[in-house]
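[1] need a structure here:
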Amino acid sequence: MDRRRARRLDPVGVPGRCRLVYGDAGPTAGLRARVPASGDRRDPTLGALGRRVHPQGAESVSPVAKRSIGLLVSLTVLAGCASFPEAQPLERVDTGSGYRYANLEGAENSEELFVILSFSGGGTRAAALAYGVLETLRDSWVEMDGEPRNLLDEVDVISSVSGGSFTAAYYGLHRDAIFEEGGRFQRDFLYRDVESDLKRRLLNPYNWARLASPTFGRIELAEEVYQERLFDQASFADLADDGRKPFLLINATDMDKGSQFTFVQSQLDPMCVDLDSIPLSRAVAASSNFPIAFTPLTLNSYPGRCGYQEPPWVANALEGLNTNPRRYYRARHWQRYQEPERDHVHLLDGGVSDNIGLRPALDALRAPTLQEVEWSVLNKMNREIVDKLVVIVVDAKSEDLAADFDTSPRSPGPKRVINTIATTPLANYSFDTVELLRETLRDREDAQRLSLEAGTGMHQIDLYYIYVGFDQLQDDAERERFQRIPTRFRLPSEEVDALRQIGAELLEQSPCFQQLVGQREGSGGRLCSH
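    You can find the predicted model right below:
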């Protein structure tokens with residue numbers, strides 16, 4: 001059975017609801033409802049001899065009026081047909097199939113060196129910074145067991161949100177093709193005015209009727225742009241069939257609970273949704289679905305239809321509210337997806353719940369079993385599979401350096417207030433997430449040191465935490481220059497070039513990165529954090 005089950009929808013509706021036929025004059029002028037497959041097809045205005053008969057008292061309608069009426073009817077029908085593309089139900093849960101970490105091979109990848117990348121949100125600014133980091137990893141090598149290994153090939157997991165998800169998803173799908181100078185990713189996204197593409201789609205009268213539908217919103221128009229520009233009809237089935245690492249974690253936010261929602265099959269198992277049927281463009285649209293600018297993205301759900309069995313860790317976690325509240329609430333959210341009445345999930349930008357894309361790595365470093373987190377790093381460390389753990393955080397956060405309202409007695413205006421509400425909590429949460437990661441790695445380092453001193457034989461792992469962000473820039477003017485770059489999907493070419501270059505430089509200049517690639521002495525089971 002072909003696993004590429006992503007629906008190739010016509011642009012006006014969902015299969016099974018209705019379908020429209022385009023006339024010769026374009027998508028609105030000649031649009032008409034398709035004639036039913038059965039029933040009387042005879043035109044009721046024709047008499048017995050085939051002559052046109054008008055109702056009593058009615059005058060002949062002019063061609064212009066007919067065309068206007070036809071257009072109005074077509075647009076009305078169009079509004080009723082337009083809807084979001086539906087994901088397919090999962091027939092049964094099968095851990096041996098689908099897009100799961102365990103189903104990916106690593107012919108050029110060894111878990112002895114376990115590399116995690118996280119790409120933050122931030123529009124094109126974030127996408128370009130992450131792109132520069134990928135370019136550096138492509139050109140970097142590390143020695144393992146006496147053999148050189150390419151660092152980009154050694155990446156096991158990429159976790160991304162919002163703008164960073166474009167770079168992550170395109171690389172996961174097309175690999176080295178992302179680096180082609182003037183290639184599709186650069187031409188149609190990184191250096192392109194994507195905002196104008198979105199505006200043109202929104203201002204097209206053909207789409208106004210579609211937007212009148214309660215099940216079709218601005219996010220669907222955005223998805224169409226991303227599909228046409230970058231991803232075509234590719235779905236998660238293509239990633240599963242390719243079967244190579246890195247494992248992509250494209251993150252959005254569940255609007256119901258404000259919790260992180262990751263597009264992997266294990267997340268969709270309790271919903272009985274087949275991830276293979278979801279286009280990559282839709283996942284990226286959800287991840288970059290900035291509230292208000294776009295409508296929430298709707299994902300249908302079929303709980304209770306695939307024989308899903310709740311894993312034991314959920315019941316265990318629900319008993320630990322006071323001992324491990326984060327794990328407790330994660331279990332609560334997990335159970336929520338199994339509720340039969342919850343047949344839809346509404347998603348917002350991944351940055352709402354984690355604008356740095358680092359929470360999945362935290363879970364993987366703390367979860368002891370593969371049932372809880374399918375790529376549990378803690379489990380792999382405990383089984384002495386991992387010898388070197390590398391976490392590279394690419395943080396494209398900006399700062400409102402013009403926030404000078406404290407120099408005036410006047411109350412800040414609505415724009416300032418909205419900007420503070422939208423950005424400050426995300427920045428604070430990202431800072432706390434980074435500190436949690438450092439604390440987790442320090443705890444591991446302390447445990448290894450105590451074990452070494454006591455002679456208890458704990459596996460000694462080299463730990464690397466590498467932060468790539470504008471805060472690392474020592475020159476004030478240079479730092480402020482990058483922090484002022486706005487969060488948009490349209491940047492001047494020179495700014496994109498500068499972001500690529502600074503991403504590469506920040507990584508190359510990191511003492512921990514230099515130590516990793518052999519330019520400095522190894523850590524010997526200690527944590528290198530920079």
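[2] now the phi/psi pair for the nearest residue to residue 470 once chain neighbours are set aside, please.
    Nearest non-adjacent residue to residue 470, counting by CB to CB, 6 or more residues apart in numbering: residue 482, 4.5 Å away. Glycine gets a C-beta too; all of them are placed from N, C-alpha and C. Backbone dihedrals for residue 482, given as degrees, to the nearest 10, come out at phi -80, psi -30.
[3] now swap in the one 3 residues further on and tell me
    Note on residue 485: backbone dihedrals following degrees, to the nearest 10 are phi -60, psi 120.
[4] give me the pLDDT for it.
    For residue 485, the pLDDT comes out at 96.
[5] ok, the closest residue to it other than its chain neighbours to residue 117 distance?
    Among residues not flanking residue 485 along the chain, residue 125 sits closest, at 4.9 Å (CB to CB, 6+ apart). The gap separating residue 125 from residue 117 is 17 Å, by CB to CB, to the nearest Å.
[6] what about the residue nearest to residue 470, neighbour count?
    Residue 482 has 21 neighbouring residues, counting by other CB atoms under 10 Å.
[7] related to what we said a few turns ago, touching, the residue nearest to residue 485 and residue 492? I think so.
    No. Counting by CB atoms under 8 Å, residue 125 does not reach residue 492; the two are 11.6 Å apart.
[8] who has more neighbours, these two?
    Using other CB under 10 Å, the more surrounded residue of residue 125 and residue 492 is residue 125, with 27 against 10.
[9] residue 234 contacts residue 282, doesn't it?
    No. Contact criterion CB under 8 Å: residue 234 and residue 282 do not qualify, at 10.6 Å.
[10] between those two, who's got more neighbours?
    Taking residue 234 and residue 282 together and counting by other CB under 10 Å, residue 282 has the greater number of neighbours (28 against 20).
[11] find the nearest non-adjacent residue to the more buried one, please.
    Nearest to residue 282 is residue 223, by CB to CB, 6+ apart, at 5.4 Å.
[12] which segments of the chain make up each domain?
    What automatic domain parsing lists as the domains of the chain is 20-81, 101-529.
[13] quick one on the thing from earlier: state the helix or strand in which the residue nearest to residue 282 lies.
    Residue 223 belongs to helix 218-226 when assigned by DSSP states H and E.
[14] and that helix, C-alpha only, in CSV?
    Extracted in CSV, the C-alpha atoms of helix 218-226 (Å, rounded to 0.1, in the frame of the first residue of the first chain):
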residue,chain,number,x,y,z
ARG,A,218,-6.2,32.8,6.2
ILE,A,219,-3.9,30.1,7.4
GLU,A,220,-5.1,27.9,4.5
LEU,A,221,-4.1,30.6,2.0
ALA,A,222,-0.7,30.7,3.7
GLU,A,223,-0.3,27.0,3.4
GLU,A,224,-1.1,27.1,-0.3
VAL,A,225,1.7,29.7,-0.7
TYR,A,226,4.2,27.5,1.2
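[15] centre of the chain versus it, how much separation?
    The chain centre lies 14 Å from the centre of helix 218-226; the measure is CA atoms, centre = their mean, to the nearest Å.
[16] cool, and stretch 201-210?
    The chain centroid and the centroid of stretch 201-210 are separated by 25 Å, computed with CA atoms, centre = their mean.
[17] endpoints of that stretch, how far apart?
    Stretch 201-210 stretches 11 Å from its first residue to its last (CA to CA, to the nearest Å).
[18] mind listing what's buried in that stretch?
    Neighbour-count burial for stretch 201-210 flags 201, 206, 207, 209, 210 (criterion: 16 or more other CB atoms under 10 Å).
[19] out of those residues, who's nearest residue 391?
    Of all the buried residues of stretch 201-210, residue 391 sits closest to residue 201, with 37.7 Å by CB to CB.
[20] my read is that the closest one contacts residue 211, right?
    No. In this structure, residue 201 is not within contact of residue 211 by CB under 8 Å, at 10.3 Å.
[21] below-threshold pLDDT in the stretch 101-250 of the chain: ranges please.
    Within the stretch 101-250 of the chain, the stretches with pLDDT under 70 are 107.
[22] now the chain
    Along the chain, the parts satisfying pLDDT under 70 run over 1-80, 107, 400-405, 415-428, 519-525.
[23] coming back round to it: quick one: neighbours of the residue nearest to residue 282, just the number.
    As a burial measure, residue 223 scores 23 neighbours (other CB under 10 Å).
[24] residue 278 is in contact with that one, correct?
    No. Between residue 223 and residue 278 there is no contact under CB under 8 Å: 10.9 Å.
[25] quick check: buried residues in stretch 82-90?
    Buried residues in stretch 82-90, counted by 16+ other CB under 10 Å: 82, 83, 84, 85, 86, 87, 88, 90.
[26] and the end-to-end length of that stretch?
    24 Å.
[27] hang on, the earlier thing: will you turn the buried residues of stretch 201-210 into TSV that also has distance to residue 294 and secondary structure?
    Shown next, in TSV, are the buried residues of stretch 201-210 (distance: CB to CB, whole Å; DSSP: H, G, I helix; E, B strand; the rest coil):
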residue	distance to residue 294	secondary structure
201	12	helix
206	19	helix
207	14	helix
209	19	helix
210	15	helix
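[28] if we take these, which one ends up nearest to residue 518?
    Of all these, residue 518 sits closest to residue 201, with 48.9 Å by CB to CB.
[29] partner residues bridging residue 117?
    On the basis of DSSP bridges, residue 117 is bridged to residue 158, residue 392.
[30] residue 301 and residue 356: what is the separation?
    27 Å.
[31] settle it for me: which of the two has more neighbours?
    The neighbour count for residue 301 versus residue 356, taken as other CB under 10 Å, is higher for residue 356 (32 against 22).
[32] for that one, helix, strand, or coil?
    coil (DSSP: H, G, I helix; E, B strand; the rest coil).
[33] list the buried residues of stretch 272-285.
    Counting neighbours by 16+ other CB under 10 Å, one finds that the buried residues in stretch 272-285 are 272-285.
[34] in helices, which of those appear?
    Among those, the residues falling in helices (DSSP state H) are 280, 281, 282, 283, 284, 285.
[35] now for the first one: which residues touch it?
    So the one you mean is residue 280. Neighbouring residues of residue 280 by CB atoms under 8 Å, 6 or more residues apart in numbering: 169, 173, 231, 234, 235, 236, 238, 239, 250.
[36] out of those residues, name the ones that lie in helices.
    In helices, defined here by DSSP H, the members of the contacts of residue 280 are 169, 173, 236, 238, 239.
[37] neighbour-wise, which of those residues leads?
    Most neighbours among the ones in helices among the contacts of residue 280, by other CB under 10 Å: residue 236, with 30 neighbours.
[38] re the thing from before, tell me what the helix holding residue 223 is packed against?
    Counting contacts by 3 or more CB pairs under 8 Å, 6 or more residues apart in numbering; DSSP states H and E, helix 218-226 packs against helix 194-203, helix 205-211, helix 280-287.
[39] the second one - contacts with which helices or strands?
    Packing partners of helix 205-211 (3+ CB pairs under 8 Å, 6+ apart): helix 63-81, helix 218-226.
[40] between helix 194-203 and the last one, find me the angle.
    Right, the one you point to is helix 218-226. Put simply, helix 218-226 runs at 120 degrees to helix 194-203, going by axes from the mean of the first three to the mean of the last three CA atoms, to 10 degrees.
[41] need the contact partners of helix 218-226.
    11, 82, 84-85, 166, 194, 197-198, 201-202, 207, 210-211, 279, 281-282, 284-286, 288-289, 293-297.
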